[in-house]
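Engineer: compute the structure for the input listed below.
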Amino acid sequence: MIEFIIFAIRYIPFWCVPGILIFLPFAYIFWLKDVKFLFYIFLACAGVCTFFITFWVWAGGPDKATEFFFNAVRSF
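Structural biologist: Numbering: from 1, shown residues only. Reported below is the predicted structural model:
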């Protein structure tokens, strides 16, 4: 389980960028169709991916992001 968390944090841009590119067009489609519930779900997913990419860049890349995450978990 720990290896999966390390892998997911280390490679955030490789799963978040495609996620954003998938979620935003679907959000737009559901916004045009006036299905607000699905629009908000897809927009929230794109927002979470954007937040993760921002965290990854702010933390300083793959190694520092995993180190920051595990230090935060240990101190909690």
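Engineer: could you use CA atoms for every contact and neighbour count after this?
Structural biologist: Fine.
Engineer: just give me the longest helix of the protein.
Structural biologist: Looking across the chain with DSSP state H, the single longest helix is helix 36-59.
Engineer: contacts for it next, please.
Structural biologist: Residues outside helix 36-59 that contact it (C-alpha atoms under 8 Å, 6 or more residues apart in numbering) are 9, 12-13, 16-17, 19-20, 23-24, 26-31, 62, 65, 68.
Engineer: what about those residues, which are in helices?
Structural biologist: Per DSSP H, the subset of these in helices is 9, 12-13, 16-17, 19-20, 23-24, 26-31, 62, 65, 68.
Engineer: any idea of the pLDDT on the residue positioned nearest the centre of the chain?
Structural biologist: If you average the C-alpha coordinates of the chain and look for the closest C-alpha using C-alpha atoms, centre = their mean, you land on C49, 2.5 Å from that point. Among the per-residue scores, C49 shows a pLDDT of 97.
Engineer: equivalent analysis for W56, please.
Structural biologist: 96.
Engineer: that one: how many residues sit nearby?
Structural biologist: W56 sits with 22 neighbouring residues when counted by other C-alpha atoms under 10 Å.
Engineer: burial of F39, as a residue count?
Structural biologist: Neighbour count of F39, defined by other C-alpha under 10 Å: 21.
Engineer: the nearest residue in space to it that is not next to it in sequence and A44, how far apart?
Structural biologist: Sequence neighbours aside, A27 is the residue nearest to F39 in space, at 4.5 Å (criterion: C-alpha to C-alpha, 6 or more residues apart in numbering). Separation of A27 from A44 (C-alpha to C-alpha, to the nearest Å) stands at 9 Å.
Engineer: neighbour count for these two, which is higher?
Structural biologist: Set side by side, A27 and A44 give different neighbour counts by other C-alpha under 10 Å, the larger being at A27 (23 against 15).
Engineer: show me what contacts that one?
Structural biologist: Counting by C-alpha under 8 Å, 6+ apart, A27 makes contact with 38-43.
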